[in-house]
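Student: just coords:
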Ligand SMILES: [Zn+2]
């Protein structure tokens, strides 16, 4: 039997990060720089959840800011992030404002600070929908609230009347209600209990299945394994391995991906050897991970159609 799925009314799109480098200046003299991203290339594709995983401070949240055009003033960037014909790294604020919401939606880490304290959830939601030309009070919004196990009365509540977990789910519902072509979710489950986290992950999966692109930024490998199609492993501002969930999070090829898996409770929480690498003024000519573990490495590249490795230990074939 052939079924026809109605395409969403929002524009469909993808995002291509091409050799993106991001350096954020620290105050003081001489000037020191945080190398938050170093030549990061990644495609966010409609219909797929792409998880960017790595420990806190590896630069993955800075990628979210870069996609939304929200990098701090004075940041130096190289490369490009194309959304259609627009380079999000160099676009004007006016152009970015036209893209945010309906084109690119952000689910930030701290939901509570992004809700207007003097407006009810329903009022804020209606305003956002109206601003993007969508019918307010649509059935779709109620369905999203249901999907996220938010009671119908949530719509009449003020942010201070919501628990942290409810506020997070409200923000997820608000972002997804605009049906953005690309959703960037930055640690969307970090403050949630496992049951609630599962609802948020399912909502993101459904959004991708409806033909949109989802970028899930998370330190939670279990979450990534549950909903992602593609996984990009990031260490010290660089991507180390990109590929399907299996092999990357089941039989990884890169030493850092293996170290992340070894740190899971199911694998005995074995800590990674050595000390975390600093992002401040690193030597860009060396690999931070293999320097950390004291193993020389050589650049690798594509090892399969959809599987890429930054490097392998020297001497490996
Ligand atoms: Zn290396």
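Tutor: Now that the structure is in, tell me what you want to look at. Treat the numbers as computed from the prediction; the structure is a model and nothing was measured. Residues are numbered from 1 along each chain as shown.
Student: so what's the residue in the stretch 101-250 of the chain that the ion sits nearest to scoring on pLDDT?
Tutor: Residue of the stretch 101-250 of the chain nearest the ion, by CB to the ion: residue 240 (7.5 Å). Yep, even glycine has a C-beta here, placed from its N, CA and C like the rest. Reading off the confidence values, residue 240 has pLDDT 97.
Student: what about it, which helix or strand?
Tutor: Using DSSP states H and E, residue 240 sits in strand 238-244.
Student: now that strand: buried residues?
Tutor: 238, 239, 240, 241, 242, 243 (16 or more other CB atoms under 10 Å).
Student: and the helices in the stretch 51-200 of the chain?
Tutor: Along the stretch 51-200 of the chain, counting by DSSP state H, counting those that start in this stretch, helices occupy 60-67, 93-99, 121-131, 139-147, 164-177, 194-209.
Student: output those helices in a markdown table; the columns should cover distance to the ion.
Tutor: Below are these laid out as a markdown table (distance: least, CB to the ion, whole Å):
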| stretch | distance to the ion |
| --- | --- |
| helix 60-67 | 18 |
| helix 93-99 | 35 |
| helix 121-131 | 44 |
| helix 139-147 | 41 |
| helix 164-177 | 36 |
| helix 194-209 | 31 |
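Student: just give me the lowest mean pLDDT stretch among those helices.
Tutor: helix 139-147 (a mean of 77).
Student: chain center to it: distance?
Tutor: The chain centroid and the centroid of helix 139-147 are separated by 23 Å under CA atoms, centre = their mean, to the nearest Å.
Student: helices and strands around that helix, which ones?
Tutor: The contact analysis (3 or more CB pairs under 8 Å, 6 or more residues apart in numbering; DSSP states H and E) places helix 139-147 against helix 164-177, helix 194-209.
Student: winner for burial among these?
Tutor: helix 164-177 (a mean of 23; mean count of other CB atoms under 10 Å).
Student: quick check: closest non-adjacent residue to residue 104.
Tutor: residue 182 (5.1 Å; CB to CB, 6 or more residues apart in numbering).
Student: correct me, but the residue of the stretch 101-250 of the chain closest to the ion touches residue 310?
Tutor: Yes: counting by CB atoms under 8 Å, residue 310 is a contact partner of residue 240 at 4.9 Å.
Student: residue 185 - how many residues pack around it?
Tutor: 27 (other CB atoms under 10 Å).
Student: what is the burial count for the residue nearest to residue 132 when sequence neighbours are not counted?
Tutor: In space, and not counting its chain neighbours, residue 132 is closest to residue 102: 4.7 Å by CB to CB, 6+ apart. Residue 102 sits with 18 neighbouring residues when counted by other CB under 10 Å.
Student: got the confidence number for residue 102?
Tutor: So residue 102 comes in at 87 (pLDDT).
Student: I'd assumed residue 177 was in contact with it.
Tutor: No: contact criterion CB under 8 Å: residue 102 and residue 177 do not qualify, at 10.5 Å.
Student: residue 85 - how many residues pack around it?
Tutor: 6.
Student: where does it land on pLDDT?
Tutor: On the pLDDT scale, residue 85 gets 90.
Student: and what of the one 3 residues further on?
Tutor: The predicted local confidence for residue 88 comes out at a pLDDT of 96.
Student: OK, contacts around it?
Tutor: The contact partners of residue 88, by CB atoms under 8 Å, 6 or more residues apart in numbering, come to 15, 66, 67, 68, 69, 81, 82, 96, 99, 104.
Student: still on that earlier bit, compare the helices and strands packed on helix 139-147 and report which one is nearest to residue 131.
Tutor: helix 164-177 (11.7 Å; CB to CB).
Student: got the angle for the closest one vs helix 139-147?
Tutor: 150 degrees (axes from the mean of the first three to the mean of the last three CA atoms, to 10 degrees).
Student: okay, angle between helix 164-177 and helix 194-209 too, please.
Tutor: Using the same axes, to 10 degrees: helix 164-177 against helix 194-209 is 10 degrees.
Student: who's in contact with helix 164-177?
Tutor: Contacts for helix 164-177 (CB under 8 Å, 6+ apart): 105-108, 111-112, 114-115, 121, 124-125, 128-129, 134, 138, 140-141, 144-145, 147-150, 154, 159, 162, 183, 185, 188, 191-193, 196, 199-200, 203-204, 207.
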